[in-house]
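In: here is my input, please return the structure:
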Amino acid sequence: MQSTGLVSFAAVVWVARGWPSFEPGMVPYAIALGLTGVIAVAALYRGLALGPVAVVAPVVASYVVITVILVVIVLGERLTLAQILAASLVFVGVVLTSTDARELRVTLGRPVPGVRIGLISTVGFGLWAAIFAIATRQYSWVAMVLLLRATSFVFVGAFVASRHIDLRVFRERIVLALGTTVGILDTLANGLFARGIESGYASLAATGTGMYPIVPAVLGMLALGERIAPNQIVGIVLLVIGLATLGAVS
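Out: Numbers count the residues shown, from 1 in each chain. Here you go, the predicted structure:
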């Protein structure tokens with residue numbers, strides 16, 4: 001994912017003849033972004049593997065709160081009451097869409113092994129988004145995306161080499177295609193997030209990223225024939241209303 005994202009984005013930038021200039025001050029941000037991003041994603045997958053997903057997913061989705069608090073403190077952004085209420089509605093929608101209340105009821109009172117790992121992912125994503133927002137306010141977002149992808153590639157590559165992980169699975173076309181697609185889409189998301197930060201409040205742009213649970217919920221329903229829980233339907237409705245309101249008051 002890291003390599004395909006880096007190569008594809010670099011190719012687009014090169015073709016568009018928009019190759020940015022790099023400054024020494026970008027390096028610490030790039031290292032921090034690469035490290036927190038890799039840790040957050042690894043913890044997310046591990047937390048979901050340990051499960052249950054109905055509990056781990058909403059815990060991880062709450063990273064938006066950490067990002068908004070850090071951005072408000074560091075960048076000094078001040079939100080109106082209407083923006084705070086709309087952002088809160090979005091957050092409630094995120095939590096509802098991320099979990100299946102039917103599964104959640106079954107797990108109540110039981111040990112939840114994935115939650116501790118999920119909390120690491122929550123903090124990691126929250127820090128990553130805040131650092132990215134701060135960095136793109138100071139430097140070119142194109143340069144920052146290139147650098148963070150490069151540092152992520154180095155960190156992941158070092159881990160793979162140290163653990164002697166077998167990568168021959170990527171010889172299969174379907175696996176390679178999936179990895180390439182994920183890398184491109186993830187890098188595209190980073191670019192769109194950066195553009196959102198540039199165009200307005202970073203805290204509101206970060207809040208908007210919380211709508212991602214809608215995508216797997218809808219795709220799971222359409223592609224896999226899954227039936228989403230009633231609370232997830234409510235969550236999707238709240239997300240749409242919250243985001244529309246956020247756009248109207250911003």
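In: what's the helix or strand where residue 8 lies in contact with?
Out: Residue 8 is part of helix 2-15 when elements are defined by DSSP states H and E. With contact meaning Cβ atoms under 8 Å, 6 or more residues apart in numbering, helix 2-15 is reached by 19-20, 142, 145-146, 149-150, 152-153, 156, 179-180, 182-184, 186-187, 191. C-beta here means a position set from N, CA and C on the backbone, and glycine is covered the same way.
In: and that helix, average pLDDT?
Out: Helix 2-15 shows a mean pLDDT of 81.
In: and residue 187, how far from residue 81?
Out: Residue 187 sits 36 Å away from residue 81, going by Cβ to Cβ, to the nearest Å.
In: looking at those two, which is more packed in?
Out: More neighbours surround residue 187 than the other of residue 187 and residue 81, with 24 against 8 (other Cβ atoms under 10 Å).
In: list the contacts for that one?
Out: 5, 6, 8, 9, 145, 149.
In: tally of neighbours for the fourth one?
Out: By other Cβ under 10 Å, 21 other residues sit near residue 9.
In: helix or strand right after the one helix or strand in the chain whose mean pLDDT sits lowest?
Out: Every helix and strand of the chain was ranked by mean pLDDT, DSSP states H and E. The lowest is helix 101-107, at a mean of 62. Counting by DSSP H and E, the next helix or strand C-terminal to helix 101-107 is helix 113-138.
In: spatially nearest residue to residue 80 (excluding sequence neighbours)?
Out: residue 249 (6.7 Å; Cβ to Cβ, 6 or more residues apart in numbering).
In: gap between residue 236 and residue 90?
Out: 12 Å.
In: out of these two, which sits in the more crowded spot?
Out: Ranked by neighbour count (other Cβ under 10 Å), residue 236 and residue 90 place residue 90 first, with 25 against 19.
In: where does the prediction get shaky in this protein?
Out: Across the chain, the ranges flagged by pLDDT under 70 are 1, 51-59, 98, 100-114, 210-226, 247, 250.
In: quick one, what contacts the spatially most central residue of it?
Out: Nearest to the mean C-alpha position of the chain, by Cα atoms, centre = their mean, lies residue 125 at 6.4 Å. Applying Cβ under 8 Å, 6+ apart to residue 125 gives the contacts 40, 44, 60, 63, 66, 67.
In: could you do residue 71 as well?
Out: 77, 130, 133, 134, 202, 203, 206.
In: number of nearby residues for the second one?
Out: The local packing count at residue 130 equals 25, with neighbours defined by other Cβ under 10 Å.
In: surely it is in contact with residue 75?
Out: No - judged on Cβ atoms under 8 Å, residue 130 makes no contact with residue 75 at a distance of 9.0 Å.
In: rewinding a little: the residue nearest to residue 80 reaches residue 84, doesn't it?
Out: No - if you go by Cβ under 8 Å, residue 249 and residue 84 don't touch, sitting 9.8 Å apart.
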